[in-house]
Each structure stands twice: as structure tokens, then as C-alpha cells.
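Asker: When you get a sec, could you give me coordinates for this:
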Amino acid sequence: MRILLIHNYYLQKGGEDTVFRSETELLKSHGHEVEQLSFHNKDIDSGWGKISMFWKGLYNRKTYRQVREKIQTFKPDVIHIHNLFYLASPSVLYAARKMKVPVVMTLHNYRLICPSVYLYHKGRIYEDNIHKTFPVKAIFQKVWNNNLGLTALITLITSFHKYLNTWSNLIDGYIVFTEFAKSKFVGSSIKVPDHKFYIKPNFTEDNGCNLENREDFYLFIGRLSEEKGIEVLLEAANKGEFRLEILGDGPLKDAVEATVDKNERVSYPGFLPKEEIVQKLKSCRALIFPSIWYEGMPMVILEALATGTPIIVSDLGNPGRMIEDRKSGLHFEPNNAESLLDKIARLDASVELQNELVKGAREIYEKKYTPEENYETLLSVYESILQKSQQMA
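Answerer: Numbering: from 1, shown residues only. Below is the predicted model of the structure:
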């Protein structure tokens, strides 16, 4: 199969970039002819570029031509898009339709249905705009990065193309990570029918696992920010008696360091090389994932499962669906330090539970999140899209 992968890089690196690269290599490793067409928002990071972003984000004639030319030379069977904001723009969809190539798009976030992007604003889950075609109020609330201009831009792009039925007519299939994510898009303002959604999680390589002889410390890996639940984690650490190691960086780094200064049970190594992170996962009793927003599909959860590491997770959004309570981890009430401490105490008190969760974590990885499982699912999505496209031709 000939597959064209399209991605628009943000100014800051993120998980979408990792998925774009890893799926490219996965498809190539199975003998498919794969080419990438990528764009980068650094190309509009200038005074005039930022001004022009408003109309280029709506419809970029240059990227339209680039996609048409790539289709003419490469002749793909299917196009898979990971991101088109902002430089690529929805014009790439019109180019694909003009050239009669079916398109599948991975929804890494909720941008199409809310300018908040993550359905999170000012410390709370924010679902006010899911069913609104043009959420004017969201602009004045500055729901994206507390930035009026960027919120207006996202709203303008997504709403304009809702009116044109771009999202419902020009994309043949959408990939979402979980049934939970699908539930937010079905029946939303983009008016995409249920049958166009395919559930396919991300994957991670197998770096080996440890099913016994784990140490008595807990681990947090991620961005040190409000939505990641750092504050409730630190509250629990100050009230409890458990050992905790925190890896990452972010705006709440000072709060983490202040806790470390006062609490000898908490350590903050900062950044570590990939190999050392994997070893930490193999050694800890469990990974704590206290996020207070819905999340996409965090790679750290997949990496933990691959190493056989149980996860104590907020019972919220995608992570709460990925981790089966008392099978591959434990659920606790979001943003509740006492609930988190209760789950830690339960795990500490039972060697039998520890062993069950370690085995369960590894089993769920082997069942759902290996490269081979992911390849089979991804290929079935492409084949379904192609079959439907041929029937409509």
C-alpha cells in the first residue's frame, strides 16, 4: 500500500510528533511505500508571518499546491493526517478530495470541537462548546493559552469549516484513541457520523519488563503543571509516608523543589536519559498519574505498562479507561489527595495485589499496545477507508 503521512509540527515538540514518526517507521517496516509531507509553524514565527497566519490557517493555497504535487508524483492509496494546524490548514483536505484520494485523520486532541483544545480551562473540565458551531464566548474567555488572538484563530478556522462541512465531508475516517474520546466527538458540532470513527490506541516499543522484586518507591513522570495534577500529588506526598520520585519540568517546578527541601521522602532528579527512565519504571512499585484533565493517550502510560508497572490513575478521561481498576492499576478520585493516599496504602499493604497488578499491566500491554497489535489495527483502518471509497466511486 502507498501511504502519504501529513503532519504540521508545532513550535514546541509534543507527543503527536512522536506518533507521526513511529507510525511512519512501523508502516515502512512492514513493506509499505510511505512518504511524509510535513509543515512547521516555525515558518510563521515572525511579525508578518503571524499576521498572515489568520488567512493561511483558514486556507493555505501554497500547501494546497504542495499536496496536489505530492499526490501527482507519489500517487498514494490513502492519506493519513496527524495535524493540519496552522500552516498546513484544511486546504490539504481540498487537495486530497480534488485528487480523489481518501483521507484518515488522527484526533490527538479536541480542537475541532472546542478552542480550549483539551476541554480544560481555568482548573476545570470545560465542555461548554462541544455542540456550538461558533463559540463566541470562548474567544473572550481566552480559553486557549489565555490568549485572545490564538483562541479567536482556532475558533475562526474550526467554525468556518464547520459551516462548509469540511470536517464531515472531506475526511473519510477519524482515528480516536479510546471509546471515551469517541463519545465526545459523536453528536458534536462537527456533525461526523458514528461510522466514520475508528478506535486505535498508540503503541510503544517493548523495552523489557520486571515482574518481581520491585522497590518501595512511587514515580511521577511528566510536565510539572496544574492540569497534570502536580498539586494534588504534592499534597498527598506531604500528608503521607510514601517515597516519591518526580521526573519532568514545567511551571510548577518551584513547588516541587520546595516540597523536596522540606520532605526527605520526595526526590527530584529532574531530567534523565531514556534508558534511566525505563529502569526507574522497572524498579518502582507504581507510576502515579494524577492528571485532572481528559488527556489524549500519554506515552508514559504505555511505557509503564510495557515494563509491567502498575499505574495509580485519576478515574477521569482516557487514562481512566486505559487502566482497569485492580487489574492493571488502581483508580482514585481526581484531585483528591486522600483518595490517592488510600490507594497507595492499599498497594503497600498487599504483596498479592502488587503482584497481580504487575502481571496485569504487562498483559494489557501485550494485548493492546505492542507495535504488532497497532499495525494490524492501523492497516484495518486503511483497508476500511479504501473499501468505502471504492464503493462510492
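Asker: need the contact list for Gly250.
Answerer: Counting by CB atoms under 8 Å, 6 or more residues apart in numbering, Gly250 touches Arg223, Leu224, Ser225, Lys228, Ile230. Using the backbone N, CA and C atoms, a C-beta is placed for each residue, glycine as well.
Asker: next one: Lys137
Answerer: By CB under 8 Å, 6+ apart, Lys137 lies in contact with Asp128, Asn129.
Asker: go on, the one 3 residues further on?
Answerer: Contacts were defined as CB under 8 Å, 6+ apart; by that measure Phe140 touches Leu148.
Asker: Give me the most central residue, the protein.
Answerer: The residue lying closest to the centre of the chain (CA atoms, centre = their mean) is Gly296, at 3.2 Å.
Asker: quick one: that residue from Phe203, how far?
Answerer: Using CB to CB, to the nearest Å, Gly296 is found at 14 Å from Phe203.
Asker: do the same with Glu303
Answerer: Glu303 sits 11 Å away from Phe203, going by CB to CB.
Asker: Look at those two and report which has more neighbours.
Answerer: Counted by other CB atoms under 10 Å, Glu303 and Phe203 do not tie: Phe203 has more neighbours, with 25 against 21.
Asker: May I have the phi/psi pair for that one?
Answerer: For Phe203, the backbone dihedrals (degrees, to the nearest 10) come out as phi -140, psi 170.
Asker: next one: Asp325
Answerer: Here Asp325 shows phi and psi, under degrees, to the nearest 10, equal to phi -60, psi 130.
Asker: Okay, and the beta partners of it?
Answerer: Gly329 (DSSP bridges).
Asker: surely it meets His331?
Answerer: Yes - in this structure Asp325 lies within contact range of His331 using CB atoms under 8 Å: 4.4 Å.
Asker: any common contacting residues for those two?
Answerer: Common neighbours of Asp325 and His331, counting by CB under 8 Å, 6+ apart, are Asp315.
Asker: Can you pick out the residue with more neighbours from these two?
Answerer: Taking neighbours as other CB under 10 Å, Asp325 and His331 compare with His331 leading, 19 against 13.
Asker: Would you verify that Phe220 is located in a strand?
Answerer: Yes - using DSSP: H, G, I helix; E, B strand; the rest coil, the assignment for Phe220 is a strand.
Asker: burial of the residue lying closest to it once chain neighbours are set aside, as a residue count?
Answerer: Excluding the flanking residues, the one nearest Phe220 by CB to CB, 6 or more residues apart in numbering is Ile246, at 4.8 Å. Residues within reach of Ile246, counting by other CB under 10 Å, total 25.
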